[in-house]
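Chemist: pasting the sequence and the predicted model now:
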2 protein chains.
Amino acid sequence: MTTSGEVSPHTLHRLSIYLRCLRGLRDSNVLRVSSQDLADRFDLSAAQIRKDLAHFGEFGIRGVGYDVQHLTDRLRNLLGLDRHHPTIVVGVGNLGSALLRFLAMGDSAFRVVAAVDNDPSQVGTSLAGVRIEDAARLTEIATISGAEIGVLTVPASAAQANYNSLVLAGIRAVLNFAPIRLARDPDVVTRSVDLRMFFEELGFLLVRADSATVHATKTMSPGSGD
Amino acid sequence: MTTSGEVSPHTLHRLSIYLRCLRGLRDSNVLRVSSQDLADRFDLSAAQIRKDLAHFGEFGIRGVGYDVQHLTDRLRNLLGLDRHHPTIVVGVGNLGSALLRFLAMGDSAFRVVAAVDNDPSQVGTSLAGVRIEDAARLTEIATISGAEIGVLTVPASAAQANYNSLVLAGIRAVLNFAPIRLARDPDVVTRSVDLRMFFEELGFLLVRADSATVHATKTMSPGSGD
DNA sequence: AGATGTGAATGAGTTCACAGCT
DNA sequence: AGCTGTGAACTCATTCACATCT
């Protein structure tokens, strides 16, 4: 089955995990790996790995396994990491600058092409080689920079307005870190990440660990657990 | 059914979402809300909200709905947000200081009681009222600060060693932001968050949006989508 | 009347087990 | 012989529909 209908978010999430595992293997100069091998090393399920990959075609060699480099390339292609994704960072506070630097360094496919903030003392300065512009000009900046992805790292109160500005500039995707539910444009791929949730889940697990003896927590929770 | 066996990670994740919704309602001075009402406003499923809450007891009033304040309190209790969770931040780089400031401000249950870094120029300085200590003394600092939760925001290469130090200090939970699979202590609640994954998922969705016309993406992915 | 709480029905996701290729 | 790819069995999660309570 090749490039078929829908892909479950669980599968999608795991593709990232597989890719990370493969990067590790390649760094260790492992050339080939079987699904069982992968599963053992990173405690995943062998059958699940095969099922997940099967959504996108046949990558393996029967009787042998998967070529690490080849599978890596294919996953990078599936995740769009072999393309450029010009990215604009909106809000260069603590988290914004952390993400900006994070994306700027390394071989990231997500190149930061612009950044804005509404703090006048920040405007005009540079961060990791990116000049910070005035947030009031967001739509203009986003347009001329050709940004495809917008990273929203502004306070909740400003998130919706900045989101709208990005949409106006023809942005194609937004990753929102403000803890608010955005009114989304249907044509813009919009994902939200609320860092607070990770702490809250930890809090819950701690409370439970208090009362009962800790039970095996081997389920797959997105972004966590591995 | 009260405080029963296992809770699915999906349910757990949604508790955080519900709490955020309730905060919004309380800020708007809404006193009571029905599951249907909640579902409509935040596009969730009414039945699911009820099912999720049912795991922990009966919160609502039949024929009426839920008391916003009461349900908020109960959720905060479930998530352990009505307790103090002394927290230590390990690695005060960009992300570390972002999280430190994030936790330090507001009424967070996660009070930062200590922070360490291995950069000599950082040691001795303060950030959001927290003095930064030498990472070499991590176990000692973690112990005397009484930290319950450790936040790992160090490079992948240093993550395991620092994790071990935290375990040695008797830490109870760790939130790891380094993109590496940790060898975990079974007695320590350990969650990992890899920010890179959020970008990769976005990349994937963009690739798909390119070829086919965008299909409704209404599934629930952890940490995303709302 | 109106909304909760919950068993029953449906659907999604995972594991099993094996046919088929190398 | 060994490992992938995949239908079939199974488990987990969501939705339906209604009995129950205010």
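Modeler: Noted; the coordinates are in hand. Numbers count the residues shown, from 1 in each chain, chains lettered A, B, ... in the order given.

Chemist: where exactly do the strands run in chain A?
Modeler: Applying DSSP state E to chain A gives strands spanning A:32-33, A:66-67, A:87-90, A:112-117, A:126-127, A:130-134, A:149-152, A:173-176, A:189-192.

Chemist: measure the closest residue to A:Arg196 other than its chain neighbours to A:Gln69 for me?
Modeler: Computed as CB to CB, 6 or more residues apart in numbering or on different chains, the closest residue to A:Arg196 that is not its neighbour in sequence is A:Pro179, at 5.9 Å. The way it works is simple: take the backbone N, C-alpha and C, and place the C-beta from them, glycine included. Distance of A:Pro179 to A:Gln69, computed by CB to CB, to the nearest Å: 40 Å.

Chemist: which of the two has more neighbours?
Modeler: Counted by other CB atoms under 10 Å in any protein chain shown, A:Pro179 and A:Gln69 do not tie: A:Pro179 has more neighbours, with 17 against 14.

Chemist: just name the most buried of the strands of chain A.
Modeler: Across the strands of chain A, averaging neighbours per residue (mean count of other CB atoms under 10 Å in any protein chain shown) puts strand A:87-90 on top, at a mean of 29.

Chemist: quick one on the thing from earlier: so which of the strands of chain A comes closest to DNA strand D?
Modeler: DNA strand D lies closest, by CB to the nearest atom of the strand, to one member of these: strand A:66-67, at 5.5 Å.

Chemist: list the contacts of the residue nearest to A:Arg196.
Modeler: A:Ala156, A:Asp194, A:Arg196, B:Arg20 (CB atoms under 8 Å, 6 or more residues apart in numbering or on different chains).

Chemist: for chain A, give me the ranges with low pLDDT.
Modeler: Confidence mapping of chain A against pLDDT under 70 gives the ranges A:1-5, A:212-226.

Chemist: for DNA strand D, what are the nearby residues on it?
Modeler: Residues of chain A found near DNA strand D (CB under 7 Å from any atom of the strand) are A:1, A:34-36, A:46-47, A:50-51, A:53-54, A:58-66, A:219.

Chemist: please redo it, this time with the cut-off set to 6 Å
Modeler: Within chain A, the residues that sit near DNA strand D (CB under 6 Å from any atom of the strand) are A:1, A:34-36, A:47, A:50-51, A:53-54, A:58-60, A:62-66.

Chemist: before we move on, back to that, what's the closest of the contacts of A:Pro179 to A:Thr87?
Modeler: Among the contacts of A:Pro179, A:Asp194 lies closest to A:Thr87 (CB to CB), at 20.0 Å.

Chemist: so the closest one touches B:Arg20, yeah?
Modeler: Yes: A:Asp194 is in contact with B:Arg20 according to CB atoms under 8 Å; the separation is 7.1 Å.

Chemist: show me the domain layout of chain A.
Modeler: According to automatic domain parsing, chain A comprises the domains A:9-78, A:87-196.

Chemist: among these, which comes closest to B:Val113?
Modeler: domain A:87-196 (18.7 Å).

Chemist: how many residues are close by the residue in chain A positioned nearest to DNA strand D?
Modeler: With CB to the nearest atom of the strand as the measure, A:Gly63 is the residue of chain A nearest to DNA strand D, at 2.5 Å. For A:Gly63, the neighbour count with other CB under 10 Å is 6.

Chemist: what does A:Asp185 give?
Modeler: Other residues near A:Asp185 come to 15 when the count uses other CB under 10 Å.

Chemist: hmm, it is touching A:Val167, no?
Modeler: Yes: between A:Asp185 and A:Val167 there is a contact under CB under 8 Å: 4.6 Å.

Chemist: I figured A:Ala136 hits A:Asn118, correct?
Modeler: Yes: counting by CB under 8 Å, A:Ala136 touches A:Asn118, with 7.1 Å between them.

Chemist: coming back round to it: export the strands of chain A to a markdown table and tack on distance to B:Phe110?
Modeler: Formatted as a markdown table, the strands of chain A follow (distance: least, CB to CB, whole Å):
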| stretch | distance to B:Phe110 |
| --- | --- |
| strand A:32-33 | 39 |
| strand A:66-67 | 41 |
| strand A:87-90 | 25 |
| strand A:112-117 | 26 |
| strand A:126-127 | 27 |
| strand A:130-134 | 30 |
| strand A:149-152 | 23 |
| strand A:173-176 | 22 |
| strand A:189-192 | 20 |
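
Chemist: looking at the ones you listed, which is closest to A:Ala142?
Modeler: strand A:87-90 (5.3 Å).

Chemist: contacts made by that closest one with the rest, please.
Modeler: Taking CB under 8 Å, 6+ apart as the rule, strand A:87-90 contacts A:96, A:99-100, A:103, A:110-116, A:130, A:135, A:138, A:141-142, A:145, A:147-154, A:162, A:166, A:171.

Chemist: and stretch A:101-114, how far apart are its ends?
Modeler: 12 Å (CA to CA, to the nearest Å).

Chemist: any chance of the domains of chain A in a markdown table, plus distance to B:His10?
Modeler: Shown next, in a markdown table, are the domains of chain A (distance: least, CB to CB, whole Å):
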| stretch | distance to B:His10 |
| --- | --- |
| domain A:9-78 | 10 |
| domain A:87-196 | 16 |
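
Chemist: among those, which comes closest to DNA strand C?
Modeler: The nearest among the domains of chain A, by CB to the nearest atom of the strand, is domain A:9-78 at 2.9 Å.

Chemist: what about the closest one and DNA strand C, touching?
Modeler: Yes: using CB under 6 Å from any atom of the strand as the criterion, contacts between domain A:9-78 and DNA strand C involve A:His10, A:Ser45, A:Ala47, A:Gln48, A:Lys51, A:Ile61, A:Arg62, A:Gly63.

Chemist: out of these, which end up buried?
Modeler: Among these, none scores as buried (criterion: 16 or more other CB atoms under 10 Å in any protein chain shown).

Chemist: of the residues you listed, closest to B:Leu202?
Modeler: Comparing the residues of domain A:9-78 next to DNA strand C against B:Leu202 with CB to CB places A:His10 closest, at 16.6 Å.

Chemist: other SSEs contacting the longest helix seen in chain A?
Modeler: Taking DSSP state H as the criterion, chain A has its longest helix at helix A:9-27. With contacts defined as 3 or more CB pairs under 8 Å, 6 or more residues apart in numbering or on different chains; DSSP states H and E, helix A:9-27 has these neighbours: helix A:35-41, helix A:46-54, helix A:68-78, helix B:195-211.

Chemist: take those helices and write them to JSON lines, including distance to B:Leu15.
Modeler: Formatted as JSON lines, these follow (distance: least, CB to CB, whole Å):
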{"stretch": "helix A:35-41", "distance to B:Leu15": "31"}
{"stretch": "helix A:46-54", "distance to B:Leu15": "26"}
{"stretch": "helix A:68-78", "distance to B:Leu15": "32"}
{"stretch": "helix B:195-211", "distance to B:Leu15": "21"}
